[in-house]
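**Student:** build me a model from this:
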Amino acid sequence: MSTFRPLHSTDLCARVKQTLTRRAPRLAPLLWPLARRLLHLEDIDAFMARHSHLDAANFTAAVLDYFNTTYNAPACPVPDEGPVVIFANHPLGALDALALLHWVQQQRPDTRIVANHWLKAFTPLVPALITVDNFTTRAGGHKRCWQQMNAHLQQGGVLLIFPAGEVSRLSLQGVRDRRWHSSFVRLARSHHAPLLPVRIHARNSPLFYAASLVDDALGTLLLPHQMYARRGQSIRLQPG
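**Tutor:** This next block holds a predicted model:
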């Protein structure tokens, strides 16, 4: 039987280990080797060992470079100061989020993105994140997220939001986001913040969409693998 232990000291490994232990304590020792391969934990751990000293902006650039991922976009049309809410579809997962963040931060370093709490495992990103746990309905966590979004806009920052709250899935209408939560519109209005829509043109592999048809959680589990499968591909950001 494989030894159930984390790799080095990466926070992501610890989070995966804790989740497996909490949800399937008896199966965790058996599931760990599979999760380690499927989630590319050794690769991610090695990357973190080399880049964990970077600040958020340079770490974002390093991730995009590591995956040989480029994005095509015009100059970001946001004002030089004042609160702004940018909202977008969410076709990929981490890579589209990081491409969007990198694009906006070139003009507005005071940009934060609302993202899944798992991204906190990548500690250099933490200053640029407002995290939410999409796998729980705990009111306290959502309240803290809402308070942080309000505070950031109150301070005149730029806020990036994926209104669907999850990655696009395959439907009868094709690959698209599920229902958007409209609360971000009310949030922007309360701070007199302009709204900027961005269309992200990209897709995951057929394997991801097929797995998601079987079970959403199975598709989500494949998202790290999708990052490696998309190496060398480009993302198009279309504002307006």
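
**Student:** list the helices and strands the helix or strand where A217 lies packs on?
**Tutor:** Assessed by DSSP states H and E, A217 sits inside helix 216-221. Secondary-structure packing of helix 216-221 (3 or more CB pairs under 8 Å, 6 or more residues apart in numbering; DSSP states H and E): helix 206-214. C-betas here are computed from N, CA, C, even on glycine.

**Student:** for the helix holding A217, what is the distance to the chain centroid?
**Tutor:** Centre-to-centre, helix 216-221 and its host chain are 15 Å apart (CA atoms, centre = their mean, to the nearest Å).

**Student:** what's the neighbour count on V158?
**Tutor:** Other residues near V158 come to 27 when the count uses other CB atoms under 10 Å.

**Student:** phi, psi of it?
**Tutor:** For V158, the backbone dihedrals are phi -100, psi 130 (criterion: degrees, to the nearest 10).

**Student:** what sits against it?
**Tutor:** By CB atoms under 8 Å, 6 or more residues apart in numbering, the residues touching V158 are V78, P83, V84, V85, I86, V104, R108, D110, T111, R112.

**Student:** check the gap between the fourth one and H201 for me.
**Tutor:** Same thing as V85. Counting by CB to CB, to the nearest Å, the gap from V85 to H201 is 21 Å.

**Student:** sort out for me which of the contacts of V158 are in helices.
**Tutor:** Those of these mapping onto helices are V104, per DSSP state H.

**Student:** closest to L187 among the contacts of V158?
**Tutor:** When the contacts of V158 are ranked by distance to L187 (CB to CB), V85 comes first, at 6.7 Å.

**Student:** give the contact list for the residue nearest to the closest one when sequence neighbours are not counted.
**Tutor:** Closest residue to V85 apart from its sequence neighbours, by CB to CB, 6 or more residues apart in numbering: A188 at 4.1 Å. By CB under 8 Å, 6+ apart, the residues touching A188 are P83, V85, L153, P194, L195.

**Student:** ok, V85 and H201, which is more surrounded?
**Tutor:** Neighbour tally, V85 and H201, criterion other CB under 10 Å: the higher count belongs to V85, 21 against 14.

**Student:** just the helices from this protein, written as ranges.
**Tutor:** 11-23, 28-38, 41-51, 56-66, 94-105, 139-154, 183-190, 206-214, 216-221, 223-229.

**Student:** G174 is nearest to which of the ones you listed?
**Tutor:** helix 206-214 (10.1 Å).

**Student:** who touches that closest one?
**Tutor:** By CB under 8 Å, 6+ apart, helix 206-214 touches R169, L170, V175, L218, G219, T220, L221, L222, L223, Q226, A229.
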